[in-house]
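Q: Sequence below, structure please.
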Amino acid sequence: MTRRGGDEPGEDFSLGRLALSSLGAAAAVLAVVTVVIVVLKPAPGVGLAIALLGVVAAIAAMGFVSVRTTRRAFGRDGRQE
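A: Next up, the predicted model:
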């Protein structure tokens, strides 16, 4: 059973949950990009550009989810007192 909402900042933080959620966000973005490439069947150069944009979007999604998760656990300034 997991505890929710402790008194100390970061008490309910899970590094495993952070890793899985950020990797899940990246995988979801890459899955969407893969579907777009398969459906559109673009020229090789355009397909490469779409794939590169997908990689950039996946990295951005990982960063967004990681920041949101750690701010939720530790607060906006990120200090554990």
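Q: Residue 37 versus the residue lying closest to residue 36 once chain neighbours are set aside, what's the distance?
A: Spatially, and ignoring its direct neighbours in sequence, residue 36 is nearest to residue 50 (6.4 Å; CB to CB, 6 or more residues apart in numbering). Any C-beta I mention is one placed from the backbone N, CA and C, and that applies to glycine too. Applying CB to CB, to the nearest Å, one obtains 6 Å for the distance of residue 50 from residue 37.
Q: How about residue 26?
A: Applying CB to CB to residue 26 and residue 37 gives a distance of 16 Å.
Q: Which of those two has more residues huddled nearby?
A: In this view residue 26 and residue 37 are compared by other CB atoms under 10 Å, and residue 26 has more residues nearby, 20 against 16.
Q: what's residue 48 sitting at in phi/psi?
A: Here the main-chain torsion angles of residue 48 (degrees, to the nearest 10) amount to phi -60, psi -40.
Q: residue contacts, the residue nearest to residue 36?
A: Neighbouring residues of residue 50 by CB atoms under 8 Å, 6 or more residues apart in numbering: 33, 36, 37, 40, 42.
Q: and the residues you listed, which of them are in strands?
A: Of these, none are assigned to strands by DSSP state E.
Q: Which single one of the residues you listed is nearest to residue 57?
A: Of all those, residue 57 sits closest to residue 33, with 7.2 Å by CB to CB.
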